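Visitor: Make a model of this:
(one chain, ligands or ions: 1)
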Amino acid sequence: ATPTNSINSNSSVSRKRLVKSPTPPPVAPTEPAPKEPEVSPDDEKALKEALEDEIIDQMRGIDRTAAKQIFSEIVVHGDEVHWDDIAGLESAKSSLKEAVVYPFLRPDLFRGLREPVRGMLLFGPPGTGKTMLARAVATESNSTFFSISASSLTSKYLGESEKLVRALFAIAKKLSPSIVFVDEIDSIMGSRNNDGENESSRRIKNEFLIQWSSLSNAAAGNKEGSEDEEDERVLVLAATNLPWSIDEAARRRFVRRQYIPLPEPETRKKQLNKLLAHQTHTLTEDDFEELLALTDGYSGSDITSLAKDAAMGPLRELGDKLLFTPRDQIRPIKLQDVKNSLEYIKPSVSKEGLTEYEDWAKKFGSSG
Ligand code: ADP
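Guide: Now for the predicted structure:
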């Protein structure tokens, strides 16, 4: 994922929160909520801390510091992404709706044989919308959404990472229904054969797998339709650009493995159109058609970069005069601007790179 655009960006801590749930988990928003002006941000913070402490007190055997860190990774008031914001990827969207969103919205229908999956992996080249899809899931499903970047789980202190993983699953269970989204999952689920694998990454991976298995076992032990089953609804959603480096045991636990490919020509056109829609431009239908051939191999984020760069065209041309030119005298963006930008903005995935993804998808991907 592009760090600036991913939920986690560079920080290990995501401070946004999803508040779609009709019964929101007992965690107050980290950002001041405008609804209740009589509650000062300080009061709110204290309230939030008190609620968190209460929850931690109710759970035995979890590390308080680790739990606090996990609480701060719950997505609060995210810059919401909706399905329509994501160009194309129709089969990925329906797959996510069926496997994740509907079961969370209608748990009564998804029982027994229709028991929802506990793990779903989104894999494909970088910049194709995996993080956006996860954010849309956060917006659309009534769940507590934990957004964890794998690097935030790896601590340099021995044993700390395992505590974080235990706290993560314990809190996810407590605040269920929950979705645990792990970006760059390959970095904690690397294959055992990797030379680089050291003792500490092996321990994180094992702890993660143990905690994850204990969830499914607990659910399997419950009778169909029992309340506990509903209480324990926790799904691990993960994204990776390096699916082949995931350990086999971990791979098997991701029952659904959804390929997120490069955008189809029609999708690129839709995305470009949408990006330019808010700017004045002179591009015609024919111009867009011409650009389709020129953007073959471009990912969603390449297209975004291309449009951003092209939008600078009219300003670049002005040089210093830009400072004195009234807004309505800036010329519209034209086809040549996009063509100029094509010189600099090249596809970030090579043809050979793409073949690797396609091969892996054929071997291990879920259909669709
Ligand atoms: P990934 O997680 O697959 O690496 P992201 O979801 O972080 O990719 O996408 C990076 C950026 O690229 C997004 O913020 C968005 O601007 C753009 N982008 C990628 N795919 C799409 C898409 N299908 N529709 C719209 N924008 C997209």
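
Visitor: can I have the helix of greatest length in the chain written out in CSV, keeping just the CAs?
Guide: The longest helix of the chain (DSSP state H) is helix 199-221. Extracted as CSV, the C-alpha positions of helix 199-221 are listed here (Å, rounded to 0.1, in the frame of the first residue of the first chain):
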residue,chain,number,x,y,z
GLU,A,199,13.5,-16.5,16.4
SER,A,200,11.3,-13.5,17.2
SER,A,201,9.4,-13.5,13.9
ARG,A,202,8.8,-17.2,14.3
ARG,A,203,7.4,-16.6,17.7
ILE,A,204,5.0,-13.8,16.5
LYS,A,205,3.8,-16.0,13.7
ASN,A,206,3.2,-18.9,16.0
GLU,A,207,1.4,-16.8,18.5
PHE,A,208,-0.8,-15.3,15.8
LEU,A,209,-1.7,-18.7,14.4
ILE,A,210,-2.4,-20.1,17.9
GLN,A,211,-4.7,-17.2,18.8
TRP,A,212,-6.4,-17.3,15.4
SER,A,213,-7.0,-21.1,15.7
SER,A,214,-8.3,-20.8,19.2
LEU,A,215,-11.0,-18.5,17.8
SER,A,216,-12.2,-21.0,15.2
ASN,A,217,-12.0,-23.9,17.7
ALA,A,218,-14.1,-22.0,20.2
ALA,A,219,-16.7,-21.2,17.5
ALA,A,220,-16.7,-24.8,16.3
GLY,A,221,-17.3,-26.0,19.8
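
Visitor: Now Q336: closest residue in space, sequence neighbours ignored.
Guide: Nearest in space to Q336, with sequence neighbours left out and distances taken as Cβ to Cβ, 6 or more residues apart in numbering, is G313 at 7.7 Å. All C-beta atoms are positioned from the backbone trio N, CA, C, and that covers glycine.

Visitor: Got phi/psi on the one you found?
Guide: Torsion angles at G313 (phi, psi; degrees, to the nearest 10) stand at phi -50, psi -60.

Visitor: dump the residue contacts of P347.
Guide: Shown in contact with P347 (Cβ atoms under 8 Å, 6 or more residues apart in numbering): 297-299, 302.

Visitor: What's the end-to-end length of stretch 95-110?
Guide: One end of stretch 95-110 sits 15 Å from the other (Cα to Cα, to the nearest Å).

Visitor: cool, and stretch 214-233?
Guide: First-to-last residue span, stretch 214-233, Cα to Cα: 12 Å.

Visitor: If you tally nearby residues, what's the number for K274?
Guide: By the measure other Cβ atoms under 10 Å, the count of residues near K274 is 14.

Visitor: Start the count at 580 instead of 1 going forward.
Guide: Sounds good: first residue 580 from here, last item K853.

Visitor: What strand or helix carries it?
Guide: Using DSSP states H and E, K853 sits in helix 844-856.

Visitor: for that helix, which positions count as buried?
Guide: Neighbour-count burial for helix 844-856 flags 846-851, 854-855 (criterion: 16 or more other Cβ atoms under 10 Å).

Visitor: what's the closest of these to S927?
Guide: Checking these against S927 by Cβ to Cβ gives R847 as the nearest, at 14.2 Å.

Visitor: tell me the contacts of the residue of the chain found nearest the ligand?
Guide: The chain approaches the ligand most closely through G879 (2.1 Å), counting by Cβ to the nearest ligand atom. Applying Cβ under 8 Å, 6+ apart to G879 gives the contacts 666, 706-708, 711, 842, 850.

Visitor: related to what we said a few turns ago, from memory the residue nearest to Q915 sits against L921, does it?
Guide: No: the pair G892 and L921 does not pass the contact test of Cβ atoms under 8 Å, sitting 11.7 Å apart.

Visitor: and D622, how many residues sit next to it?
Guide: The local packing of D622 (other Cβ under 10 Å) involves 12 other residues.

Visitor: Repeat that for R693.
Guide: 9.

Visitor: Near the ligand, which residues of the protein are found?
Guide: With Cβ under 6 Å from any ligand atom as the criterion, the chain meets the ligand at residues 580-581, 584-585, 665-668, 705-711, 818, 842, 850, 879-880, 883.

Visitor: Which of those residues fall in helices?
Guide: Applying DSSP H to the residues of the chain next to the ligand, the entries found in helices are 709-711, 850, 879-880, 883.

Visitor: most surrounded residue in those residues?
Guide: Counting by other Cβ under 10 Å, top hit in those: K709 with 27 neighbours.

Visitor: so who does it touch?
Guide: Counting by Cβ under 8 Å, 6+ apart, K709 touches 580, 701-703, 818, 839.

Visitor: try it again with 6 Å
Guide: If you count contacts by Cβ atoms under 6 Å, 6 or more residues apart in numbering, K709 has them with 701, 818, 839.

Visitor: would you list every one of the strands in the chain?
Guide: For the chain, the strands defined by DSSP state E occupy 698-702, 723-728, 757-762, 813-819, 835-838.

Visitor: Setting aside sequence neighbours, what's the nearest residue to the residue of the chain closest to the ligand?
Guide: The spatial neighbour of G879 that comes closest, neighbours along the chain excluded (Cβ to Cβ, 6+ apart), is G708 at 5.0 Å.
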